[in-house]
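Asks: only geometry, no sequence info:
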């Protein structure tokens, strides 16, 4: 009689291999999560939050104007601003903030330069296609106003 050799089973090795591969995958995912940069929408978000009350007053004052502040995009891709006639004769100063939520490197500011009929046209030819927010912050006669619109540049 010859002694038979015990049969080897591979199940313990397979289970250990699965656990090692799973631990390696989790380690890789943690490493990728640690490398990913998370940019805040704004670097000075705390100061902006403190000024939020003033912003809401500006928004309410803008909504109370006799005619709305119109910020539209025409078929040629230009952005057109039309302020209400009620602001005529007042010193109007302000700026546009073009804000790209997906890439803060594309954000830029433009000064408000109105024509005599309280209009301004802005070309979007140099802007990348996609979703943009336009924030218009302006003052007229010592009163602050604020408008925010969403644009889709094609």
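Replies: Right, received. Where do you want to start? Every value quoted in this text rests on a predicted model; they were computed, and no experiment measured them.

Asks: spatially central residue in the chain, please.
Replies: residue 101 (2.1 Å; C-alpha atoms, centre = their mean).

Asks: doesn't residue 133 make contact with it?
Replies: Yes. Counting by C-beta atoms under 8 Å, residue 101 does reach residue 133; the two are 6.8 Å apart. The C-beta positions use only the backbone N, C-alpha and C, and glycine is treated the same way.

Asks: so which strand or helix has the residue nearest to the centre of the chain?
Replies: Residue 101 belongs to no helix or strand when assigned by DSSP states H and E.

Asks: burial count for residue 96?
Replies: 22 (other C-beta atoms under 10 Å).

Asks: which residues of the protein fall in helices?
Replies: Remark: helices assigned in the chain by DSSP state H are 11-35, 45-50, 52-63.

Asks: ok, and which of the ones you listed has the densest surroundings?
Replies: With neighbours taken as mean count of other C-beta atoms under 10 Å, the helices of the chain reach their highest mean count in helix 52-63, at a mean of 13.

Asks: would you pull up how far that helix lies from the middle of the chain?
Replies: 20 Å (C-alpha atoms, centre = their mean, to the nearest Å).

Asks: for that helix, name the packing helices and strands.
Replies: strand 143-153 (3 or more C-beta pairs under 8 Å, 6 or more residues apart in numbering; DSSP states H and E).

Asks: name the residues of the strand it packs on that come out as buried.
Replies: Buried residues in strand 143-153, counted by 16 or more other C-beta atoms under 10 Å: 144, 145, 146, 147, 149, 151, 153.

Asks: need these in CSV with pLDDT and distance to residue 12, can you?
Replies: Shown next, in CSV, are those (pLDDT from 0 to 100; distance: C-beta to C-beta, whole Å):
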residue, pLDDT, distance to residue 12
144, 91, 72
145, 92, 73
146, 93, 67
147, 91, 68
149, 90, 64
151, 87, 62
153, 84, 60
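
Asks: quick one: closest of the helices of the chain to residue 92.
Replies: Residue 92 sits nearest to helix 52-63 of all the helices of the chain, at 12.7 Å, using C-beta to C-beta.

Asks: so what touches that closest one?
Replies: The contact list for helix 52-63, computed with C-beta atoms under 8 Å, 6 or more residues apart in numbering, reads 69, 137, 143, 144, 145, 146, 147.
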